[in-house]
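Coordinates for the following, if possible.
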Amino acid sequence: MIAALDSNLLKPVFPALAIAMVLFAARRRGIALREGLGLKRPRLPVLTGWIVGWIAWIAVGEQIIRMFQLDPPQPWPESPPLVLVLRILAIGILGPCAEELVMRGLLFDRVRRTALGPFGAILVLSLFWTLFHYRYGPGTLALIFTDGVLLGLARHLGGSLWIPILLHILGNLFSISQSLSG
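Take a look at the predicted model:
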């Protein structure tokens, strides 16, 4: 129990530190949280539409995984409840928040102001985000790239970073539920 707890205690710390660092850096550089990072409340119909679309994409993704026999989420080892809570907090909630703050918050705001524009930024950052997940096979990386494009579109067209944050959390929690039931 102690070894399992020790190896998982820091899992939520790293994304929490990343969140704090992005918010601190944004404040220090004078980047507005609402406009620059996109941390403004989304309109409920827009948020609802993206959630419905994301759930549909997850269902399509599951069919693609089965059809092309891609690797499903790996089962998690039997763990004490506190270890599970720490892992879910890190991978299901804080990790997506940190990734979205960096990718579709801070970086998206900067790259979309270049000659690439918002759609070029979405593609470049999706590619970068996919490379960040290098440990997966090519088929899974193609799905991750598509996830990145959809999350980028949600950020840009939805007008709020909260939308991709919530979608990313939902996707990770779904994957965790598969790992816990498998």
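
right, and the helix or strand after the least confident helix or strand in the chain by mean pLDDT?
When the helices and strands of the chain are scored by mean pLDDT, DSSP states H and E, helix 2-9 comes last with a mean of 68. Remark: after helix 2-9, the chain's next helix or strand is helix 13-28, criterion DSSP states H and E.

Mind listing what's buried along that following helix?
Buried positions in helix 13-28, judged by neighbour count with 16 or more other C-beta atoms under 10 Å: 15, 16, 18, 19, 22, 23, 26. Any C-beta I mention is one placed from the backbone N, CA and C, and that applies to glycine too.

Restrict it to CA atoms and write it as PDB.
Provided in PDB are the C-alpha atoms of helix 13-28 (Å, rounded to 0.1, in the frame of the first residue of the first chain):
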ATOM      1  CA  VAL A  13       1.100  17.700  -8.100                       C
ATOM      2  CA  PHE A  14       2.600  18.000 -11.600                       C
ATOM      3  CA  PRO A  15      -0.500  19.100 -13.500                       C
ATOM      4  CA  ALA A  16      -1.500  21.300 -10.600                       C
ATOM      5  CA  LEU A  17       1.900  23.000 -10.800                       C
ATOM      6  CA  ALA A  18       1.500  23.400 -14.500                       C
ATOM      7  CA  ILE A  19      -1.900  25.100 -14.000                       C
ATOM      8  CA  ALA A  20      -0.400  27.400 -11.500                       C
ATOM      9  CA  MET A  21       2.600  28.200 -13.700                       C
ATOM     10  CA  VAL A  22       0.400  29.000 -16.700                       C
ATOM     11  CA  LEU A  23      -1.900  31.300 -14.700                       C
ATOM     12  CA  PHE A  24       1.100  33.000 -13.100                       C
ATOM     13  CA  ALA A  25       2.900  33.400 -16.400                       C
ATOM     14  CA  ALA A  26      -0.300  34.800 -18.000                       C
ATOM     15  CA  ARG A  27      -0.800  37.300 -15.200                       C
ATOM     16  CA  ARG A  28       2.900  38.300 -15.300                       C
END
